[in-house]
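Trainee: sequence and predicted model, in that order:
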Amino acid sequence: SSEPPPREAPLRSLPSRSRARGAMAAAQESSSRFIRIFHNGIYGDVAVCEGMSPQELAAVVQACFGVQVPLIGLFQRATHVALPLTLVCRAPSMLREGPAYELLLASEPAPAAPPAPPPYTPPAPVGAAP
């Protein structure tokens with residue numbers, strides 16, 4: 001008796017666009033949202049979950065778009081809506097459908113750490129020789 005040759009497992013394909021849209025719609029019905037972001041000619045969809053920290057959202061967005069300066073919020077130019085990251089994370093349902101959001105960035109990179117203040121030296125008593 002001859003056994004049939006072993007079959008290779010089929011390669012899993014990426015989800016179709018309709019399945020991806022279905023997943024996005026399901027996330028939007030819950031306390032999560034996918035938001036479309038545009039930065040430097042690149043569009044990307046980022047998941048925002050209610051209760052996630054603004055630092056986590058900023059880290060994901062900065063990594064996706066190669067941003068080096070602090071992210072402070074999102075802006076939808078067509079509707080003139082600007083949202084700070086804390087509000088986006090607290091209430092993703094406030095995000096509006098429609099045109100992509102743009103990144104609101106701090107104007108300069110954040111310093112690594114503030115410089116230490118100089119040690120305190122009390123003033124010399126009045127009339128004392130220097």
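Mentor: Here it is on my side, so go on.

Trainee: where along the chain do the strands fall?
Mentor: All strands of the chain, identified by DSSP state E, fall at 32-39, 42-49, 71-76, 81-84, 101-105.

Trainee: distance check, residue 94 against residue 61.
Mentor: 17 Å (CB to CB, to the nearest Å). Quick note: C-beta positions are derived from backbone N, CA and C, even for glycine.

Trainee: residue 81 now?
Mentor: Counting by CB to CB, the gap from residue 81 to residue 61 is 17 Å.

Trainee: give the burial count for the nearest residue to residue 99 once chain neighbours are set aside, as a bare number.
Mentor: Excluding the flanking residues, the one nearest residue 99 by CB to CB, 6 or more residues apart in numbering is residue 78, at 4.3 Å. When neighbours are defined as other CB atoms under 10 Å, residue 78 has 9 of them.

Trainee: related to what we said a few turns ago, residue 94 and residue 61: who's more crowded?
Mentor: Neighbours were counted for residue 94 and for residue 61 using other CB under 10 Å; residue 61 has more, 21 against 11.
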